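Enquirer: using only what follows, build the 3D model:
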Amino acid sequence: MVNPISYTPGQDPMQPRPFRVVRAIRETADVVTLELEAQSGPPLAFQPGQFTMLYVFGVGEVPISISGDPHKPARLVQTIRRVGLVTEALCKLGRGDVVGVRGPFGSHWPLEQARGGDVVIVAGGIGLPPLRPAIYHILHQRQDYGRVYLLYGARTPADLLFPEELKRWQHTLAHAPGASPVRVTVDRAEGGWDGAVGVVTSLIPVLPIDPLRTTALMVGPEVMMRFTISELRKRGIPEENLYLSMERNMKCAVGFCGHCQYGPHFICKDGPVLAFPRVRDWITRKEV
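Expert: Numbering: from 1, shown residues only. Take a look at the predicted model:
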């Protein structure tokens, strides 16, 4: 069972802490990774799958999933796509700038539950950053997991995130010599791309998995996750072993405002990571 809201004991969850930007990395034309360090107090320890609320002074606040290594909490890593005023301001920050950070909040990936079995990780576009901490954790404890596969889809080759890490993971995630754990596809082949072309779900039917011992983690647009769930169920993975992270517009992050209500759930405190059976009746409904 994944955990609910968790933030530093004794800390006001509504009070941002100041963090200074120590590095800003432009990943793609509209995606930036910020590496942050606390100006005072302890580092922000977190579980893979949790999120923070990032506050740009004078502009506003947005929820962003943590994309760094949970075993290296001294540096908080957040990968941000420019989609609005606040994220645009975040993407313009540089070394020395200060942001407010609340959190960490929310549930996390069931990595303890998955120990001893196989893991399938499915990411669409900006869905890879929230899954990166889970990959880091698995790499730190590689002997505790069986076969691990990362299926990643993006619009074009230019939109692929963390390309150098994808190359390294091809070797470090491998369960045997010659294994191909990282499988990447794009919607449109450009710039000499010679890899797979098509939606990420097209990679699932040929995946060599043992469904009854497999846990699946997925993040992406809701339509992508619906089709991913359908394909994984066809492969025989039990519903209770399918986990997804819902990307909703959280405001308070502690279940007070109701802005992120999703059926009977508040994504900020019941999620963002949820087992599929908990949202089965809602994810197929439009306009929820």
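Enquirer: for the protein, which strand is longest?
Expert: strand 17-28 (DSSP state E).
Enquirer: what pairs with that one, and is each one parallel or antiparallel?
Expert: strand 31-38 (antiparallel), strand 98-105 (antiparallel) (DSSP bridges).
Enquirer: which one in the protein is furthest away from the centre?
Expert: Going by Cα atoms, centre = their mean, the residue of the chain most distant from its centre is G192, 28.4 Å out.
Enquirer: tell me the pLDDT of it.
Expert: In this model, G192 is scored at 87, pLDDT.
Enquirer: kindly indicate whether it is helix, strand or coil.
Expert: With DSSP: H, G, I helix; E, B strand; the rest coil as the basis, the three-state label of G192 is coil.
Enquirer: give the contact list for it.
Expert: Listed by Cβ atoms under 8 Å, 6 or more residues apart in numbering, G192 has no contact partners. Glycine gets a C-beta too; all of them are placed from N, C-alpha and C.
Enquirer: how close does it sit to A29?
Expert: 18 Å (Cβ to Cβ, to the nearest Å).
Enquirer: circling back: what's the most buried one of the strands paired with strand 17-28?
Expert: strand 98-105 (a mean of 22; mean count of other Cβ atoms under 10 Å).
Enquirer: quick one: residues in contact with that strand.
Expert: With contacts defined as Cβ under 8 Å, 6+ apart, strand 98-105 is touched by 5-7, 13-21, 34, 36, 38-39, 44-47, 50-57, 61, 63, 66, 76, 90, 93, 250, 253-254, 268-269.
Enquirer: what packs against whichever helix or strand comes after that strand?
Expert: Sequence-wise, the next helix or strand downstream of strand 98-105 (DSSP states H and E) is helix 111-114. On a contact count with 3 or more Cβ pairs under 8 Å, 6 or more residues apart in numbering; DSSP states H and E, helix 111-114 meets helix 128-140.
Enquirer: what's the spacing between A38 and Q11?
Expert: In terms of Cβ to Cβ, A38 sits 12 Å off from Q11.
Enquirer: my bad, should have said Q113
Expert: 28 Å.
Enquirer: R183 too?
Expert: In terms of Cβ to Cβ, R183 sits 41 Å off from Q11.
Enquirer: and these two? Which one has more around it.
Expert: A side-by-side neighbour count of R183 and Q11, using other Cβ atoms under 10 Å, places R183 first with 21 against 13.
Enquirer: what's the following helix or strand after the helix or strand where the more buried one lies?
Expert: Counting by DSSP H and E, the element that carries R183 is strand 182-186. Sequence-wise, the next helix or strand downstream of strand 182-186 (DSSP H and E) is strand 196-197.
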